[in-house]
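S.K.: got a sequence here, can you build the structure:
(one chain, ligands or ions: 1)
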Amino acid sequence: LRRAAFDYLACRRHVLLDMHVPDWDERLLRDFDPVAMAALYRRAGAEAVMLYCNSHVGLCYWPTRVGAVHGGIGGRDLVGEAVRLAHEDGMAACAYYSLNFNNWAYHEHPDWRLAPAVPDVQFSAPTSKYGLCCPNNPGFHEFELEQVRELASGYDFDAFFFDMMFWPAVCVCDRCRSRWREEGGGEIPSVVDWFSPEWCAFQAARERWLAERFAELVKEVKSRLEIPVFLNAGMIQTGWIHGQSHALLDHNDLLGGDPTEPDDSALAYGLLLAGLTPTTLQFMYAFSGYIGGAGYLRSVEEQQLRYALPLAALGGQYMAIDAVEPNGGVNPAAYEVDLAQVFTAMEPYGELAPGRPVGDVSVYWSLPSQVDFAENGTPLSDPSFSALSQSPLPHGEAVLGVVEAARACLPVGVVTRKDLGRLGDCPLVVLPNVLRMDEEEVAAVREYVAGGGRVVASGYTSLVGTDGVRHDDFRLADVFGCHFDGIEEAGISYARPRDELLAESITPLTRVPFAGEPATIDPGGRRGTSIAVVADDDTEVLATLTRPYAEGRGTKGDRAWASIHATPPFEDTDQPVVVRHRFGKGEAVYLAGDLDARAAESAAARRLMLAILRSVLPEPSFEVDGDPGVWAIGHRLDGAGGLRLALLNYPGCLPARRSGRLRVAIAAPAGKRIARIARFPSGARVDFEPNGSGGADLELDGIDRIAVLEALFAEA
Ligand SMILES: [Zn+2]
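M.R.: Here you go, the predicted structure:
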């Protein structure tokens with residue numbers, strides 16, 4: 001067992017050169033120069049390099065015995081050279097290996113191919129360049145294991161990365177069919193139905209098959225090299241088709257990935273990784289758009305403000321991904337100028353330890369809830385499933401909305417199923433339209449609230465089990481203080497706050513869009529999640545439903561509408577849509593619509609959502625006020641020794657202006673007071689006003705890119 005020469009987990013500044021280039025033209029990769037590349041990586045200021053062993057093309061950059069070597073590299077061992085050069089230049093070397101996406105194997109072994117249930121699904125459409133193989137195919141699996149064995153026994157990697165460990169489509173190849181039969185499932189269901197135990201069992205098998213296969217690959221590496229191994233977790237917040245699961249993530253030593261649009265913001269994804277990773281997190285960003293720096297470059301400012309500095313504040317790693325030009329060259333300026341500036345901006349924050357951000361508002365992210373009940377009854381072969389992974393899903397949208405509403409002013413973090421045992425540490429848990437929950441989750445939430453916890457839940461939360469059982473009532477109805485009474489007829493509706501503080505939060509508005517999209521000229525508008533509930537007697541109604549005219553379904557052929565461009569509020573009702581209920585020593589607020597999902601885009605929804613969160617949250621660990629274009633990230637110092645607060649300029653659009661003046665309040669734990677606040681890394685003192693309870697109030701003039709404060713606690 002060989003140990004790593006470099007500590008990969010401690011490296012913050014990473015580069016990767018994508019090399020998905022074939023070899024059927026002698027000009028391809030002809031000019032590739034590993035020595036020149038190593039020099040560029042070093043001049044950029046990289047601490048670690050990820051290097052291509054193979055690519056989606058399937059051709060290898062080392063002299064493999066079981067596959068095909070790229071013909072354009074002149075018989076050289078590029079992997080061996082790249083590892084040696086990186087180490088000579090003081091940089092860690094991480095292997096890159098592409099699974100499942102392998103054109104060479106696809107053409108060489110037609111029986112290894114993935115057979116998508118939708119023939120023209122994304123990635124495998126006739127117009128696509130990708131050759132996909134089935135991860136369930138034993139021959140293909142053995143081939144990949146043998147290649148990984150060669151790599152792990154032949155090279156001194158400091159880490160090993162597997163790309164593309166997801167299902168690009170639902171595979172219905174002979175092997176997938178026979179395996180599902182062998183496991184007692186019968187025929188693969190032909191219809192998607194999240195209210196069907198049979199369908200849900202098949203989806204669970206797809207997830208398990210991936211996790212089992214990945215475990216074998218990890219074992220192959222770890223039996224030879226004592227190094228961190230991880231996969232591309234860029235798909236974990238996307239839809240169910242990709243088959244991502246906690247079981248798959250459990251085999252990773254760190255979590256990283258390159259999420260693609262529309263989920264490519266570091267905001268929610270970074271918080272999700274920070275909450276899930278066993279060590280540190282890595283955000284991978286293709287700054288030349290997978291095209292290459294000769295033809296495409298994202299700006300230095302975008303890399304700094306959107307990714308590199310937020311990742312530094314999270315104590316994580318930023319990986320800049322470039323793509324090689326087909327001839328093997330790169331744009332040197334992208335490294336010597338752009339990346340050098342990006343990495344230099346990160347340097348002062350390289351000592352910030354990774355760790356879970358302070359998340360007083362803990363948003364529950366459920367991997368099994370990345371589905372849409374609107375899919376129920378749709379044939380597996382329906383073309384709509386080709387785009388599903390890219391479209392926003394109800395739970396993901398709601399998570400993002402809550403995070404977006406809170407990030408400028410309150411400590412917000414992400415929790416998952418892995419945190420069920422530590423919910424008691426969370427002042428407030430948000431359950432945003434958690435479409436599928438298992439009994440263990442339900443029991444943990446109930447116990448948490450009974451013991452004094454606070455919950456804000458919305459939509460379908462706890463109505464449907466991960467086993468496909470749709471219950472008659474919320475499993476948490478006793479906690480919410482209200483009961484499921486069907487789907488609300490009006491798919492577009494409004495909330496009218498009855499509670500004084502909530503009403504004040506939306507003034508001068510009196511009603512706020514609560515479900516669906518009311519301001520659209522599309523027929524009918526977008527139907528949102530809207531649930532009819534009946535409240536218990538001891539439940540306080542905070543807001544009631546206002547319906548549009550005739551339920552807002554009208555067309556020019558009828559009279560079921562009252563305004564031609566939109567679906568405005570018309571008929572106030574007493575039907576509760578936001579309720580508050582004491583349960584045990586804690587309390588719950590339940591929202592019957594998708595206000596949380598709307599909060600990412602609507603200022604009124606954001607204000608109301610914030611007012612709801614504040615109404616149940618005790619004194620937060622910190623609070624920031626003054627500029628919605630800020631992202632505040634807190635970390636505890638040495639347990640309860642202090643609080644580190646990173647304030648990031650994170651505006652909606654670039655170029656960024658200096659932020660507005662910020663008012664900051666930092667709380668001290670019971671029995672403590674704030675003795676000193678200093679700027680990091682300079683150590684310069686920051687003036688503050690002690691508040692009555694040991695905490696501190698202070699003001700900052702504004703920030704250009706990032707400001708990091710450290711508040712130190714002392715005995716009160
Ligand atoms: Zn298959």
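S.K.: ok, now which ones touch residue 676?
M.R.: 685, 711, 712 (Cβ atoms under 8 Å, 6 or more residues apart in numbering). No exception for glycine: its C-beta is placed from N, CA and C like everyone else's.
S.K.: 10 Å instead?
M.R.: The contact partners of residue 676, taken as Cβ atoms under 10 Å, 6 or more residues apart in numbering, are 642, 685, 686, 688, 696, 710, 711, 712, 713, 714.
S.K.: what about residue 709, which SS state?
M.R.: Here residue 709 is recorded as strand under DSSP: H, G, I helix; E, B strand; the rest coil.
S.K.: please name the residues that touch it.
M.R.: 622, 634, 643-647, 664, 666, 677-680, 686, 688, 696, 698, 700.
S.K.: now a ChimeraX select for only the buried ones of those residues.
M.R.: With 16 or more other Cβ atoms under 10 Å as the criterion, this ChimeraX line picks the buried residues out of these:
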select :622,634,643,644,645,646,647,664,666,677,678,680,686,688,696,698,700
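S.K.: relative to the ion, how far out is the closest residue to residue 620 other than its chain neighbours?
M.R.: Excluding the flanking residues, the one nearest residue 620 by Cβ to Cβ, 6 or more residues apart in numbering is residue 360, at 4.8 Å. Residue 360 is 45 Å from the ion, where distance means Cβ to the ion, to the nearest Å.
S.K.: dump the contacts of residue 676 to a markdown table, plus secondary structure.
M.R.: A markdown table is the format used below for these (three-state DSSP):
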| residue | secondary structure |
| --- | --- |
| 642 | strand |
| 685 | strand |
| 686 | coil |
| 688 | coil |
| 696 | strand |
| 710 | strand |
| 711 | strand |
| 712 | strand |
| 713 | strand |
| 714 | strand |
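S.K.: show me which of the residues you listed are buried.
M.R.: Using 16+ other Cβ under 10 Å, the buried ones in the contacts of residue 676 are 642, 686, 688, 696, 710, 711, 713.
S.K.: for these, work out which two are farthest apart.
M.R.: Farthest pair in the buried ones among the contacts of residue 676 (Cβ to Cβ) is 686 and 713. Separation: 15.0 Å.
S.K.: which parts of the stretch 101-250 of the chain are strands?
M.R.: 159-163, 191-192, 225-226, 229-231 (DSSP state E, counting those that start in this stretch).
S.K.: out of those, nearest to the ion?
M.R.: The ion lies closest to strand 191-192 among the strands of the stretch 101-250 of the chain, at 17.4 Å (Cβ to the ion).
S.K.: leaving out chain neighbours, which residue sits closest to whatever residue of the stretch 251-400 of the chain ends up closest to the ion?
M.R.: Nearest residue of the stretch 251-400 of the chain to the ion (Cβ to the ion) works out as residue 380 at 13.3 Å. Among residues not flanking residue 380 along the chain, residue 117 sits closest, at 4.4 Å (Cβ to Cβ, 6+ apart).
S.K.: surely the one you found and residue 384 touch.
M.R.: No - in this structure residue 117 lies outside contact range of residue 384 using Cβ atoms under 10 Å: 12.0 Å.
S.K.: residue ranges with poor pLDDT in this protein?
M.R.: Applying pLDDT under 70 to the chain flags the ranges 120-121, 262-264, 387-391, 520-527, 639-640.
S.K.: export the longest strand along it to CSV, keeping only CA atoms.
M.R.: Secondary structure of the chain per DSSP state E: the longest strand is strand 569-583. What follows is strand 569-583, C-alpha atoms only, in CSV (Å, rounded to 0.1, in the frame of the first residue of the first chain):
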residue,chain,number,x,y,z
PRO,A,569,-56.7,37.8,-6.5
PHE,A,570,-60.5,38.0,-6.3
GLU,A,571,-62.2,36.0,-3.7
ASP,A,572,-61.0,36.0,0.0
THR,A,573,-61.7,32.7,1.9
ASP,A,574,-61.2,31.5,5.4
GLN,A,575,-59.2,28.5,4.2
PRO,A,576,-55.9,28.3,6.1
VAL,A,577,-52.7,28.4,4.0
VAL,A,578,-50.1,29.3,6.7
VAL,A,579,-50.7,27.8,10.2
ARG,A,580,-48.7,27.7,13.4
HIS,A,581,-49.0,24.9,16.0
ARG,A,582,-47.4,24.1,19.3
PHE,A,583,-46.3,20.5,19.6
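S.K.: show me what counts as buried in that strand.
M.R.: Buried residues in strand 569-583, defined by neighbour count with 16+ other Cβ under 10 Å: 569, 570, 575, 576, 577, 578, 579, 580, 581, 583.
S.K.: also stretch 219-231?
M.R.: So, applying 16+ other Cβ under 10 Å, buried residues of stretch 219-231: 220, 221, 222, 224, 225, 227, 228, 229, 230, 231.
S.K.: what is the burial count for the residue of the stretch 251-400 of the chain closest to the ion?
M.R.: 18 (other Cβ atoms under 10 Å).
S.K.: roughly how far does it sit from residue 196?
M.R.: 12 Å (Cβ to Cβ, to the nearest Å).
S.K.: joint contacts of those two?
M.R.: By Cβ under 10 Å, 6+ apart, the residues touching both residue 380 and residue 196 are 189, 202.
S.K.: the most centrally placed residue in the chain: what secondary structure?
M.R.: Nearest to the mean C-alpha position of the chain, by Cα atoms, centre = their mean, lies residue 269 at 3.0 Å. Judged by three-state DSSP, the three-state class of residue 269 is helix.
S.K.: my read: it touches residue 261, true?
M.R.: No - applying Cβ under 10 Å as the test, residue 269 and residue 261 come out as separate, 11.7 Å apart.
S.K.: what number of residues lie near the spatially closest residue to residue 67 that is not a sequence neighbour?
M.R.: In space, not counting the residues next to it along the chain, residue 67 is nearest to residue 60; the distance is 5.4 Å by Cβ to Cβ, 6+ apart. Per other Cβ under 10 Å, the neighbour tally for residue 60 reads 25.
S.K.: residue 60 pairs with what?
M.R.: Residue 60 has the following beta-bridge partners by DSSP bridges: residue 54, residue 69.
S.K.: what residues are up against it?
M.R.: 52-54, 66-70, 73, 77-79, 97, 104, 147, 150-151.
S.K.: go again using 8 Å as the cut-off
M.R.: Counted by Cβ under 8 Å, 6+ apart, residue 60 has contacts 53, 54, 67, 68, 69, 70, 147.
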